[in-house]
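In: Sequence unavailable; structure follows:
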């Protein structure tokens, strides 16, 4: 029985070939068998007739089995096709997004219930209206241009946001995706459209954007107020300097004032950067160099500076400590005697390689007046070492016959801000 089923499932050509072979063999050898068994012509004629009837009955039975099996197979295929088609239509009909099939001339072929619910029309009403009835007029022409490109095969798919108008006149934002079904020649038969109501997402994005803008304004105002307060403290230091005759106190006040002014410059950059989270520290470093090279040089003549500074964006948790380290290193270029200043040539580079940021300072000092930061009891040493640990960086100091070099290396990471790290360290030293 299994062999018969296998034979029935074979291709029509194989079945026809087997039938022809069996028929030829039957005709050829059945006649020889009849002549060998019977001698009477009347009997031979009667047997030949029965043999013919038998062959016709066998052929009819075979045809019946083949047709029955064929009908069964076709019935199963039709049932499977109907089940698949029903499942497909159910999937489209109850999908959580709007589905539609339309011809390139914007005539509807089929729409699902979700699309009807989104637009507020019944299925019959939606099948009768045009695109211009529910798409915002400012988005209509752009959408049609893209539809034409999709139809012509210039693009493979469309994804864009549009404004739509419901039957009751209310508007909503929708994300529409389209693709084309083509024939064997590449001509577009119809377009498949998927529409999703993204009004809530757009409102959420608008709310987040508004909140971020408010925070940006607030942070900018905070930086601005900090800068103003630092400017006030700087002015108080200047007044105190006027009423002080002690040269050592004047020197301390001058250096402290420079530190405050440099901090004020950083906060000013954050205030006007347009991005209160990060600033271009390369630009900030250039400003610090110009300011300090003028302040630390005698007779207000700028120190000779060779610069190779790459724009690198740093957040406030890195920008302030690094700027303070740079300020201390520049202040350290002053000789320790009050008001005695030197004019070393200075080479500065600032760059990033493989995620490592490097700040190099090389002071040319043939007269050996510069002093490195190895004096651990000094305020400069305490400030620099504390800030280097704070940014999880490394500071290498190299003395050579022509001067002194510093190399600060660190990576971009979420380090603690410059709040109270220095004051806590100072308290611990006391």
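Out: Right, received. Where do you want to start? Everything numeric here is computed off the predicted structure, so don't read it as measured data. Numbers count the residues shown, from 1 in each chain.

In: CA only for contacts and neighbour counts going forward, please
Out: Fine.

In: Just list the residues touching residue 234, thanks.
Out: By CA atoms under 8 Å, 6 or more residues apart in numbering, the residues touching residue 234 are 257, 260, 261.

In: Quickly find the element holding it.
Out: helix 199-242 (DSSP states H and E).

In: Tell me the buried residues in the following helix or strand past that helix?
Out: Remark: after helix 199-242, the chain's next helix or strand is helix 247-272, criterion DSSP H and E. The neighbour-count check on helix 247-272 (16 or more other CA atoms under 10 Å) flags 250-251, 253-254, 257-271 as buried.

In: got it, and stretch 125-133?
Out: 126, 127.

In: what's the first-to-last distance across that stretch?
Out: Counting by CA to CA, to the nearest Å, you get 11 Å between the two ends of stretch 125-133.

In: contact partners of it?
Out: For stretch 125-133, contacts defined as CA under 8 Å, 6+ apart pick out 106, 107, 108, 109, 110, 111, 116, 140, 165.

In: ditto for stretch 263-272
Out: Outside stretch 263-272, the residues that reach it (CA under 8 Å, 6+ apart) are 219-224, 226-228, 230-231, 276-279, 284, 288, 319-320, 323-324.

In: Let me see the ranges of the strands in the protein.
Out: 98-102, 108-111, 157-165, 171-182, 188-197, 278-280, 305-309, 313-315, 345-353, 356-364, 394-400, 403-411 (DSSP state E).

In: Could you export these as JSON lines, including mean pLDDT?
Out: Shown next, in JSON lines, are these (pLDDT from 0 to 100):
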{"stretch": "strand 98-102", "mean pLDDT": "91"}
{"stretch": "strand 108-111", "mean pLDDT": "91"}
{"stretch": "strand 157-165", "mean pLDDT": "93"}
{"stretch": "strand 171-182", "mean pLDDT": "93"}
{"stretch": "strand 188-197", "mean pLDDT": "93"}
{"stretch": "strand 278-280", "mean pLDDT": "82"}
{"stretch": "strand 305-309", "mean pLDDT": "86"}
{"stretch": "strand 313-315", "mean pLDDT": "87"}
{"stretch": "strand 345-353", "mean pLDDT": "88"}
{"stretch": "strand 356-364", "mean pLDDT": "88"}
{"stretch": "strand 394-400", "mean pLDDT": "85"}
{"stretch": "strand 403-411", "mean pLDDT": "88"}
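
In: Using a markdown table, please lay out those strands together with mean neighbour count and distance to residue 68.
Out: Shown next, in a markdown table, are those (neighbours: other CA atoms under 10 Å; distance: least, CA to CA, whole Å):
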| stretch | mean neighbour count | distance to residue 68 |
| --- | --- | --- |
| strand 98-102 | 21 | 39 |
| strand 108-111 | 16 | 37 |
| strand 157-165 | 18 | 47 |
| strand 171-182 | 18 | 37 |
| strand 188-197 | 19 | 37 |
| strand 278-280 | 20 | 79 |
| strand 305-309 | 15 | 87 |
| strand 313-315 | 18 | 79 |
| strand 345-353 | 17 | 78 |
| strand 356-364 | 19 | 79 |
| strand 394-400 | 13 | 88 |
| strand 403-411 | 19 | 79 |
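
In: can I get those in JSON lines with distance to residue 86?
Out: Converted to JSON lines, those look like this (distance: least, CA to CA, whole Å):
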{"stretch": "strand 98-102", "distance to residue 86": "16"}
{"stretch": "strand 108-111", "distance to residue 86": "14"}
{"stretch": "strand 157-165", "distance to residue 86": "27"}
{"stretch": "strand 171-182", "distance to residue 86": "20"}
{"stretch": "strand 188-197", "distance to residue 86": "18"}
{"stretch": "strand 278-280", "distance to residue 86": "57"}
{"stretch": "strand 305-309", "distance to residue 86": "68"}
{"stretch": "strand 313-315", "distance to residue 86": "58"}
{"stretch": "strand 345-353", "distance to residue 86": "60"}
{"stretch": "strand 356-364", "distance to residue 86": "61"}
{"stretch": "strand 394-400", "distance to residue 86": "69"}
{"stretch": "strand 403-411", "distance to residue 86": "60"}
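
In: Tell me how far the lengthiest helix in the chain lies from the chain's centre.
Out: With DSSP state H setting the assignment, residue counts place helix 41-93 as the longest helix in the chain. Centroid separation for helix 41-93 versus its chain: 60 Å, with CA atoms, centre = their mean, to the nearest Å.

In: do stretch 137-154 as well
Out: Distance of stretch 137-154 from the chain centroid (CA atoms, centre = their mean) equals 26 Å.

In: still on that earlier bit, show me what the longest helix of the chain is packed against.
Out: Secondary-structure packing of helix 41-93 (3 or more CA pairs under 8 Å, 6 or more residues apart in numbering; DSSP states H and E): helix 12-37.

In: Looking at the helix it packs on now, give me its mean pLDDT.
Out: Here helix 12-37 scores 70 as its mean pLDDT.

In: ok, now stretch 378-387?
Out: Stretch 378-387 comes out at a mean pLDDT of 83.

In: Going by neighbour count, which residues in that stretch are buried?
Out: 380, 381, 382, 383, 384, 385, 386, 387.

In: Present these as CSV; the columns should include distance to residue 235.
Out: Listed next are the buried residues of stretch 378-387 as CSV, based on distance: CA to CA, whole Å:
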residue, distance to residue 235
380, 22
381, 26
382, 26
383, 23
384, 25
385, 28
386, 27
387, 26
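
In: for the residues you listed, which one is nearest residue 406?
Out: Nearest to residue 406, judged by CA to CA, of the buried residues of stretch 378-387 is residue 384 at 11.6 Å.

In: Can you read off the pLDDT for residue 303?
Out: Reported pLDDT for residue 303: 68.

In: tell me the domain boundaries of this protein?
Out: With domains defined by automatic domain parsing, the chain comprises 2-92, 98-197, 201-276, 278-430.

In: before we move on, the earlier item: can you tell me which of the contacts of stretch 125-133 is nearest residue 308?
Out: The shortest gap between residue 308 and any of the contacts of stretch 125-133 belongs to residue 140, at 52.7 Å (CA to CA).

In: measure the nearest residue to that closest one once chain neighbours are set aside to residue 202 for me?
Out: Among residues not flanking residue 140 along the chain, residue 132 sits closest, at 6.8 Å (CA to CA, 6 or more residues apart in numbering). Distance from residue 132 to residue 202, counting by CA to CA: 23 Å.

In: ok, now residue 71?
Out: 56 Å.
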